[in-house]
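Student: Here you go, sequence then predicted model.
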Amino acid sequence: MPSKKDLDAKSLEKIAALFKVFAEPTRLAILQLLRRGPHSVNEIVEALPTSQANVSKQLRLLYDADLLSREQRGNQVIYSVHEPLVYELCELVCDKLNRQAKSEGAVVYEI
């Protein structure tokens with residue numbers, strides 16, 4: 001089996017930066033909500049127990065990471081998931097947590 005070349009520091013920094021995007025519960029809650037379909041900023045704010053300013057900040061970070069797309073509809077901005085890999089990654093993490101939880105008889109995770 002051929003070996004892959006080690007990544008350079010710049011590539012590793014890019015990978016780490018993308019993983020950091022997933023390291024905040026509000027961003028994960030937004031991704032979970034958007035899994036059901038596109039939502040306006042107002043709908044996202046209403047669905048989450050946080051401020052409009054925080055939702056806007058988290059949406060900007062997800063958008064800047066090229067995970068979301070946005071569309072202006074009149075005076076509303078509609079967000080949707082642009083990168084379906086988001087959910088594949090979340091499923092991998094949830095599968096790992098579920099294996100551990102089941103062995104402990106605990107809660108089951110799903111995003």
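Tutor: Cool, got the structure.
Student: Dihedrals phi and psi, the closest residue to Glu83 other than its chain neighbours?
Tutor: Residue nearest to Glu83 in three dimensions, not counting chain neighbours: Leu67, with 4.8 Å by CB to CB, 6 or more residues apart in numbering. For every residue, glycine as well, the C-beta is placed using N, CA and C. When read as degrees, to the nearest 10, the backbone of Leu67 gives phi -100, psi -20.
Student: I'd assumed Pro84 was in contact with Leu67.
Tutor: No: the pair Leu67 and Pro84 fails to qualify as a contact (CB atoms under 8 Å) at a distance of 9.8 Å.
Student: More neighbours: which of the two?
Tutor: Set side by side, Leu67 and Pro84 show more neighbours around Leu67, with 21 against 10, by other CB atoms under 10 Å.
Student: Please list all residues in contact with that one.
Tutor: Going by CB atoms under 8 Å, 6 or more residues apart in numbering, Leu67 touches 21, 31, 81-83, 86.
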